[in-house]
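K.L.:
no FASTA, just this:
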């Protein structure tokens, strides 16, 4: 499990993030950026930032879960949004998915994603402990 480190001589995090995360001896997983697509590949929450943030985080949780991972295994997030003010108002939704130690985060406002209906994309790096990790082939068999 990762541990966070927030130096006392640096400003304190004001949300669900840490200044740094120290990873252990698990399997490092690099997740593709997830957008607000449901299982059918259709956009979920068109025009609704909160609904899209929730769907994106559910998608990330699904990918990790298929390999034995949890949201608490995430050490780093890169968040891209077309409306940073609306995204920042979704902190409560993000707090439902994360507990301390929080992942380090980078959040950027961008002009658009590949589909104009999409408002947010989040990519993650996670470290799943070896004791819980399930190889993707076995995970696919288990998940079907």
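P.N.:
Alright, I've got the coordinates. On a predicted model such as this, the values are computed, not experimentally measured, just so you know. Numbers count the residues shown, from 1 in each chain.
K.L.:
Output the longest helix belonging to this structure.
P.N.:
Among the segments of the chain that qualify as a helix by DSSP state H, the longest is helix 49-65.
K.L.:
Now that helix: buried residues?
P.N.:
Within helix 49-65, the residues that qualify as buried are 49, 51-57, 59-61, 63-64, counting by 16 or more other CB atoms under 10 Å. Glycine gets a C-beta too; all of them are placed from N, C-alpha and C.
K.L.:
So which of those residues is the closest to residue 28?
P.N.:
When these are ranked by distance to residue 28 (CB to CB), residue 64 comes first, at 12.3 Å.
K.L.:
where does the closest one sit relative to residue 71, distance-wise?
P.N.:
Distance, residue 64 to residue 71, by CB to CB, to the nearest Å: 7 Å.
K.L.:
Same question for residue 113.
P.N.:
If you measure residue 113 against residue 71 using CB to CB, the figure is 22 Å.
K.L.:
before we move on, back to that, would you turn the buried residues of helix 49-65 into CSV with distance to residue 80 and pLDDT?
P.N.:
Conversion of those to CSV gives the following (distance: CB to CB, whole Å; pLDDT from 0 to 100):
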residue, distance to residue 80, pLDDT
49, 13, 98
51, 17, 98
52, 12, 98
53, 12, 98
54, 16, 98
55, 15, 96
56, 10, 96
57, 14, 97
59, 14, 93
60, 14, 93
61, 19, 92
63, 17, 88
64, 19, 89
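K.L.:
and those residues as JSON lines, adding distance to residue 100?
P.N.:
Putting those into JSON lines (distance: CB to CB, whole Å) gives the following:
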{"residue": "49", "distance to residue 100": "24"}
{"residue": "51", "distance to residue 100": "26"}
{"residue": "52", "distance to residue 100": "25"}
{"residue": "53", "distance to residue 100": "20"}
{"residue": "54", "distance to residue 100": "20"}
{"residue": "55", "distance to residue 100": "24"}
{"residue": "56", "distance to residue 100": "21"}
{"residue": "57", "distance to residue 100": "17"}
{"residue": "59", "distance to residue 100": "23"}
{"residue": "60", "distance to residue 100": "18"}
{"residue": "61", "distance to residue 100": "18"}
{"residue": "63", "distance to residue 100": "22"}
{"residue": "64", "distance to residue 100": "18"}
